[in-house]
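Colleague: Structure for the following, please:
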Amino acid sequence: MPHYTAIVTLLAVALYFFLATRVAVARGRFGVKHPATTGNPDFERIFRAHVITLEWMPTFLVPLWLCAIYLSDVAAAVLSLVWIVGRAVYFVGYSRAVESRLPGFFIQGMVCLLLFVGAAAGIVMRLAAG
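Modeller: Numbers count the residues shown, from 1 in each chain. Purely as a prediction, here's the structure:
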């Protein structure tokens, strides 16, 4: 069982939940009432950073688990911690200015690529081994 990957999966979900609370706080601070998602650029950046994290979750979680199962639980978990840090950097940067999102985007994007490659390599190695 990939126990470490299970732990970091919960951490990733906790990050997503935390970002949702930041959106709720921003609604109050910037006076953006439900169901609106536009009207204040500061709120919109926080909202978009949260939504984009949701959009990336499948691209992160599927290769994460395949990499953990077919290659290495520890490697997948360590990469996932880097992804979480990257998403946090992305959120903080995007919340401040659109241009500041790029370092976090690069970090999390590279992690997703590495998890994908690790998952594919693990599957190929298992198939080759019979």
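Colleague: and stretch 73-83, average pLDDT?
Modeller: Mean per-residue pLDDT for stretch 73-83: 98.
Colleague: contacting residues around residue 97?
Modeller: residue 45 (CB atoms under 8 Å, 6 or more residues apart in numbering). In short, each C-beta sits where N, CA and C put it, glycine included.
Colleague: That should have said residue 123, apologies.
Modeller: Counting by CB under 8 Å, 6+ apart, residue 123 touches 66, 70.
Colleague: one more time with 10 Å, if that's ok
Modeller: With CB atoms under 10 Å, 6 or more residues apart in numbering as the criterion, the residues that contact residue 123 are 66-67, 69-71.
Colleague: quick one: which of those residues is nearest residue 2?
Modeller: residue 69 (6.2 Å; CB to CB).
Colleague: The closest one in helix, strand or coil?
Modeller: Residue 69 falls in the helix class when you classify it by DSSP: H, G, I helix; E, B strand; the rest coil.
Colleague: now it, nearest residue through space, not along the chain?
Modeller: In space, residue 69 comes closest to residue 2 once its chain neighbours are excluded; the distance is 6.2 Å by CB to CB, 6 or more residues apart in numbering.
Colleague: Strands along this protein, start to end?
Modeller: Counting by DSSP state E, the chain has no strands at all.
Colleague: In the protein, mark out all the helices, start to finish.
Modeller: Under the criterion DSSP state H, the chain carries helices at the ranges 3-30, 41-70, 73-96, 102-129.
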